[in-house]
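Model the following, please.
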Amino acid sequence: MTADPPSLDTDLLGPLSPPRDNGELVFAAPWERRVFGLTVAACRSGVCDWETFRQRLIRRIAADDTRPYWRSWAAALEDILDETAVLARGELDEQHREQLSRPAGSDHHTG
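Coordinates of the predicted model:
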């Protein structure tokens, strides 16, 4: 009998797991929660599998262990999106610049 492959649902407690407080994921900024959600969506929709993402995250952390955790996570997701041609690095950079040019809070709608 072979073991089940690692999955997003079962492997968030490993040595590279996201920061937690009292068992809950910790996000210091809204973008961190968003990049986590985008990663979950990418893995669940088949853009990549969890193990592939995890390996990219390991590489990103190893490349710069002073980089904040969620920045490494975002960089790993960027790698996946670029490698799978879901979103080319140039497009991602363009989207990033566009978001930075918007006034703070412009993506939050009320009413």
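
can we go C-alpha only for contacts and neighbour counts from here?
OK.

Per-residue pLDDT of Thr52, please?
On pLDDT, Thr52 comes in at 91.

Please renumber the chain so that the first residue is 750 from this point on.
Fine by me, first position is 750 from now on; the one you just mentioned is Thr801.

in which helix or strand would I find it?
Counting by DSSP states H and E, the element that carries Thr801 is helix 799-812.

Pull out the buried positions in that helix.
Residues 799, 802-803, 805-807, 809-810 are the ones in helix 799-812 that count as buried (16 or more other CA atoms under 10 Å).

What score does Thr859 have for pLDDT?
At Thr859, pLDDT is 54.

typo on my end, Thr788
pLDDT recorded at Thr788 is 91.

Surely it and Leu826 touch.
Yes. Using CA atoms under 8 Å, Thr788 is in contact with Leu826, at 6.6 Å.

more neighbours, those two?
Shown here are Thr788 and Leu826; by other CA atoms under 10 Å, Thr788 has more neighbours (25 against 22).

Give me the angle between the host helix or strand of the more buried one and helix 799-812.
According to DSSP H and E, Thr788 maps onto helix 779-794. Interaxial angle, helix 779-794 versus helix 799-812 (axes from the mean of the first three to the mean of the last three CA atoms, to 10 degrees): 140 degrees.
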